[in-house]
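A.B. asks: I would like to see how this sequence folds:
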Amino acid sequence: MDNKKILILGGSGFIGNAIYKELCKYFDTYGTYCHAANSYSTNNQFVHYNLEEDDIVEVLELVKPQVIISALRGNFSALIIAHEHILEYVRKENCQLYFISSANVFDAYSKYPSYEMDKTLSESIYGRLKIRIENMLFRLPKEKMAILRIPMVFGNSSPRIRDMKKAIIENEPIEVFPNLILNVTNDDKVTQQIHYLINRNKTGIYHLGSNDLTHHEDFIKEVLERVGNFNPIIKRVYTTNEDRYLAVLPKTNQLPKNLQFTFQDIIDHHVLN
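C.D. replies: Numbers count the residues shown, from 1 in each chain. Okay, here's the model as predicted:
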């Protein structure tokens, strides 16, 4: 086993922690945490890092990772500065950077799904932030970086499922977007895919979602049926009269068959089992 040293920035967040749990059995894996001090301060594999107050370089020099996975969230300008420093480190050390990006880098293109080599364009502040960091990564040698674009993420402990359950209990409406066509993933699938990419030393751009599409409203209703026998209040939100796509599909960089899945797999096996 090639015992790479891996550092997950944002290791206490939902995605970051799922990646940590997947990789820590196979690699020398470290993570950063910001707020959840009680659960992480006693774990020697976790380092405290506050995006807005600390210099990321200190963490990098302490851990000396060969692979950095960035799942950081927070203040946008602090994120830009942190990634500038991460890139300087990656450039001069024997190190690769895997950046968790988003389908939102394409949210200005609503007429069709997006593939790896499509030009990015976003109307949202979040999407533009992801594009800006992606563009910084393109200045690295190709073998030193991977951009992992991820659609909506579900899963037992995902914020989306938690919010749905809370809304049901509190009799609050659950928003659905009837005209939105998307692909989806969950924490299990995305972490298995990332594990594969790191294990095989893969770089470049990857779209890590189901390889088929669904309407947001249909998907959420099926998920809600799995939650239990409730009558949730559904609030339909129409942002446009026409179908719009927010989907990242793989074409150039296909993963092996055993790592491909459909949106129905997410509903059947992983949303609420």
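A.B. asks: contacts and neighbour counts: CA atoms only from here.
C.D. replies: Noted.
A.B. asks: Helix or strand with the lowest mean pLDDT in the chain?
C.D. replies: Ranked by mean pLDDT, DSSP states H and E, the helix or strand of the chain with the weakest confidence is helix 37-40, at a mean of 66.
A.B. asks: Can you show me the strands along the stretch 1-150 of the chain?
C.D. replies: Ranges of strands within the stretch 1-150 of the chain are 5-9, 28-33, 46-48, 67-70, 96-102, 145-150, based on DSSP state E, counting those that start in this stretch.
A.B. asks: Quick check: which of these is nearest to residue 252?
C.D. replies: When those are compared by CA to CA, strand 145-150 sits nearest residue 252, at 13.3 Å.
A.B. asks: Can you list the helices and strands that that closest one packs against?
C.D. replies: Judged by 3 or more CA pairs under 8 Å, 6 or more residues apart in numbering; DSSP states H and E, the packing partners of strand 145-150 are strand 96-102, strand 204-207.
A.B. asks: Mind putting those into TSV with distance to residue 59, mean neighbour count and mean pLDDT?
C.D. replies: Output for those, formatted as TSV (distance: least, CA to CA, whole Å; neighbours: other CA atoms under 10 Å; pLDDT from 0 to 100):
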stretch	distance to residue 59	mean neighbour count	mean pLDDT
strand 96-102	15	24	98
strand 204-207	25	23	98
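A.B. asks: Determine the longest helix present in the protein.
C.D. replies: Looking across the chain with DSSP state H, the single longest helix is helix 76-92.
A.B. asks: can you pull the buried residues of it?
C.D. replies: Neighbour counts over helix 76-92 (16 or more other CA atoms under 10 Å) mark 78-83, 85-87, 89-91 as buried.
A.B. asks: that older thread, among the strands of the stretch 1-150 of the chain, single out whichever gets nearest to residue 189.
C.D. replies: It's strand 145-150; of these, that one is closest to residue 189 (CA to CA) at 10.9 Å.
A.B. asks: Paired strands for that closest one, with orientation please.
C.D. replies: Its sheet considered, strand 145-150 pairs with strand 96-102 (parallel), strand 204-207 (parallel) by DSSP bridges.
A.B. asks: Indicate which one of the ones you listed is closest to residue 4.
C.D. replies: strand 96-102 (10.9 Å).
A.B. asks: where do the helices sit along the stretch 51-200 of the chain?
C.D. replies: 56-63, 76-92, 125-137, 159-169, 187-199 (DSSP state H, counting those that start in this stretch).
A.B. asks: per-stretch mean pLDDT over those helices, give me the minimum one.
C.D. replies: Note on the helices of the stretch 51-200 of the chain: lowest mean pLDDT is at helix 159-169, with a mean of 91.
A.B. asks: For residue 131, which non-adjacent residue is spatially closest?
C.D. replies: Excluding its sequence neighbours, the residue lying closest to residue 131 (CA to CA, 6 or more residues apart in numbering) is residue 105, at 5.7 Å.
A.B. asks: Surely the one you found and residue 120 touch.
C.D. replies: Yes - between residue 105 and residue 120 a contact is recorded at 5.5 Å, counting by CA atoms under 8 Å.
A.B. asks: For these two, indicate the residue with more neighbours.
C.D. replies: Comparing residue 105 with residue 120 by neighbour count (other CA atoms under 10 Å), the higher total belongs to residue 105, at 27 against 21.
A.B. asks: Local confidence estimate at residue 41?
C.D. replies: For residue 41, the model assigns a pLDDT of 67.
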